[in-house]
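Q: Starting from these lines, generate the structure:
(one chain, ligands or ions: 2)
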Amino acid sequence: MSKSKKLKNVTVGQVFKTIIWPRRKYLSIGLVLIIISRLAGLILPGASKYLIDDVIPNGDMTMLKWLILAVAAAIVVQSITSFALTQILSVEAQHLISQLRAKVQRHIIQLPIRFFDNTKTGELVSRIMTDVEGVRNLVGTGFAQMIGGVLTALICLVLLIVISPLMTAYVLIPVAIFGVISMKAFGKIRPIFRERGVINAEVTGRLTETLGGVRVIKGFNAEAQEIKTFEAGVTRLFLNVKESLVTTSLVTSAATLLLGLASAGIMGIGGYLIMNGELTFGDFLAFTLYLGFMIAPIVQMSNIGSQFTEAFAGLDRTEEILNTPLEDEGGHRTLQLDHIYGDVVFDKVSFAYEAGKEVVKEISFKAPAGTVTALVGTSGSGKTTIAGLAASFLNPDSGTITVDGHDLQTISLQSYRSQLGVVLQDDFLFEGTIRNNILFPRPNASEVQLMQAVQAAHVQEFTDRFPDGLETLIGERGVKLSGGQRQRIAIARAVLADPRILILDEATSNLDTESESLIQASLKTLMQGRTTFVIAHRLSTIRQADQILVIEQGRIVEQGRHEELLEKKGRYYQLYTYQARI
Ligand code: ADP
Ligand code: MG
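A: Numbers count the residues shown, from 1 in each chain. Ligands and ions are numbered 1, 2, ... in the order given. Here you go, the predicted structure:
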């Protein structure tokens, strides 16, 4: 997704409303603490002036003791408040990150299948885990330090004016120049930070794919290629960081230079004023100390500025995801069907993945409740797409699909999908035990229900040979099992789900002939009483179907039962006899 240019900037107002205002309690406590801490810090220059101009010349020992005590007390207050400050705000910042991560994940998982077809997994991982990270600075110490810094700078400014308006005027010129420079710089680095998020996501995305496809990479001896691609990615990342580092360090150096020159000038003016008796030693000392106190936060502000810029860039990207419409866009799917009967009707349904390229063309058919509809056709003819439409993974571009007479697009996804079972060719299993994978759709199912599913899908035939039986760990995506074993677990999972509508997309393609014939019987039991859509490349699987739809280039070209279609000696007959020969 390199559409960073189309990204909308998140505004300060939005951030205030969604992030700052809800945390007003923490932030105002933080603010009070930082004010106390800064005010305590300001005692030091005043005390120094008092020491030099009054206490020392008068030889006042009692005052000296009180002075030291006051300074020590101020330092203790400062340490305690800054500890409390970081505790409260850093913890709240981490809390914000975890909330935001959960929010982004919650949104992403409710996005339509089409979104996932077009986005790399690793990229989404990076959105959830990395983009959100920078936002921490908004409520963390950065925020308090910024407010505290501005406050300190303002108080110091007043005190500087009180001590010497002339020297203050001189100091303000470089400060103003610095302000202009840093504003410009932050405008420049926001797109760089945003680009960093994009690169980060791309590199993570590719890396996830590389690691997932390690067998293919090794099988084709393509390690060198992957190493090169990854190196190119991290180099892009490096160059991006370098670009922003140049800008941020320029800002910091500009601060050091301008403010250093100001200090040199102050020595000159101050020395002159003292010689003319217009300034005391104590005043001069206090002025330079206050100046230091004013300058420190200004320089620090450039760091905070880049942290904030990073946070805003991360939010820009996070908001982009949060603004992607959910699967149930606008929450229109409100119809709750607690007991689906299972009449499915396609009426002139058309669908295209890309505009102008229809993959499903005006398909109409009825799948009455409890019947088996088989979809047959060459690879790429549109069978999986039709199944996807029936599962409501995809929505028709025109025409309607109805379930029990209701437009599928009005039925609550939660209520529909809880009565839907899907078994796919390369079905996804999760890291963990065989038991947990079968229990996936109904974690609270009873042991009896589990064992029924296990038997129906002939899972026991191979788990009995494993020392750990159903407790066997199957590795990521089930890599420690054979394709046929994985498929049987997927079938058991569907049996346990006990759906009203069942979709089997090449669900038996990985089984050898023997286990397939074993499974046939259990599939037959599984299909009983459910509206089933079955796609099988082995025609033997579909002989029993109530109706067979022969699909060619997205259209139904023949429709009927096995015997009828064979008699017709048309397309089905061709497909069937062609397969019988092999
Ligand atoms: P079948 O299951 O019959 O083999 P599919 O329904 O998977 O066929 O695919 C039908 C057509 O749609 C193919 O030309 C395929 O290239 C295209 N297609 C499938 N999935 C996508 C997708 N996610 N994005 C774009 N095109 C797709
Ligand atoms: Mg397919």
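Q: these two touch, right, residue 429 and residue 474?
A: Yes. The criterion here is C-beta atoms under 8 Å, and residue 429 meets it with residue 474 at 6.0 Å. Every C-beta, even on glycine, is put in place using the N, C-alpha and C of the backbone.
Q: shared neighbours of these two, which are they?
A: Counting by C-beta atoms under 8 Å, 6 or more residues apart in numbering, the residues touching both residue 429 and residue 474 are 437, 481, 486, 489.
Q: tell me which of those residues is nearest to ligand 1?
A: Closest approach between the shared contacts of residue 429 and residue 474 and ligand 1, by C-beta to the nearest ligand atom: residue 486, at 19.4 Å.
Q: Compare residue 429 and residue 474 (neighbour count), which wins?
A: residue 429 (25 against 21; other C-beta atoms under 10 Å).
Q: What distance do you get for the residue of the stretch 151-300 of the chain found nearest ligand 1 to residue 226?
A: Nearest residue of the stretch 151-300 of the chain to ligand 1: residue 209, at 16.4 Å (C-beta to the nearest ligand atom). Residue 209 sits 9 Å away from residue 226, going by C-beta to C-beta, to the nearest Å.
Q: again with residue 400
A: 46 Å.
Q: Also residue 101?
A: Using C-beta to C-beta, we find residue 101 at a distance of 29 Å from residue 226.
Q: What helix or strand is the closest residue to residue 289 other than its chain neighbours located in?
A: Nearest residue to residue 289 in three dimensions, chain neighbours excluded: residue 45, at 3.6 Å (C-beta to C-beta, 6 or more residues apart in numbering). Assessed by DSSP states H and E, residue 45 sits inside helix 43-50.
Q: Quick check: residues of the chain near ligand 1?
A: With C-beta under 6 Å from any ligand atom as the criterion, the chain meets ligand 1 at residues 117, 353, 359, 377, 379, 380, 381, 382, 383, 384, 385.
Q: For residue 566, state which of the residues you listed is nearest.
A: Checking these against residue 566 by C-beta to C-beta gives residue 377 as the nearest, at 16.3 Å.
Q: State the helix or strand in which the closest residue in space to that closest one that isn't next to it in sequence lies.
A: With C-beta to C-beta, 6+ apart as the criterion, residue 377 has its nearest non-adjacent residue at 3.6 Å, and that residue is residue 551. Residue 551 belongs to strand 547-552 when assigned by DSSP H and E.
Q: how about residue 90, what does it touch?
A: Contacts of residue 90 by C-beta under 8 Å, 6+ apart are 140, 141.
Q: The one 5 residues further on now?
A: Contact partners of residue 95, counting by C-beta under 8 Å, 6+ apart, are absent.
Q: picking that back up, of residue 400 and residue 226, which one has the most company?
A: More crowded of residue 400 and residue 226, by other C-beta under 10 Å: residue 226, with 18 against 15.
Q: if I've got this straight, that one is in a strand?
A: No. With DSSP: H, G, I helix; E, B strand; the rest coil as the criterion, residue 226 is helix rather than part of a strand.
Q: Name the helix or strand for the residue nearest to it when sequence neighbours are not counted, please.
A: Excluding its sequence neighbours, the residue lying closest to residue 226 (C-beta to C-beta, 6+ apart) is residue 210, at 5.0 Å. Taking DSSP H and E as the definition, one finds residue 210 inside helix 165-212.
Q: What count of nearby residues applies to residue 169?
A: 12.
Q: what's the closest non-adjacent residue to residue 504?
A: Nearest one to residue 504, counting by C-beta to C-beta, 6+ apart, is residue 534 at 4.5 Å.
Q: which residues does the spatially most central residue of the chain contact?
A: Nearest to the mean C-alpha position of the chain, by C-alpha atoms, centre = their mean, lies residue 128 at 2.4 Å. For residue 128, the contacting residues are 101, 104, 105, 108, by C-beta under 8 Å, 6+ apart.
Q: any idea how far it lies from residue 104?
A: Distance from residue 128 to residue 104, by C-beta to C-beta: 5 Å.
Q: circling back: the residues of the chain next to ligand 1: which two are farthest apart?
A: 117 and 377 (21.1 Å).
Q: who's more crowded, these two?
A: The residue with more neighbours, out of residue 117 and residue 377, is residue 377; 24 against 10, by other C-beta under 10 Å.
Q: Any buried residues in the worst-scoring helix or strand of the chain on mean pLDDT, and which?
A: One helix or strand of the chain scores below all others by mean pLDDT, DSSP states H and E: helix 513-527, with a mean of 75. Neighbour counts over helix 513-527 (16 or more other C-beta atoms under 10 Å) mark 515, 516, 518, 519, 520, 522, 523, 526, 527 as buried.
Q: Please apply the same query to stretch 545-555.
A: 545, 547, 548, 549, 550, 551, 554, 555.
Q: mind putting those residues in TSV, distance to residue 254 and pLDDT included?
A: Converted to TSV, these look like this (distance: C-beta to C-beta, whole Å; pLDDT from 0 to 100):
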residue	distance to residue 254	pLDDT
545	76	91
547	77	96
548	76	95
549	72	96
550	74	95
551	68	95
554	63	95
555	69	96
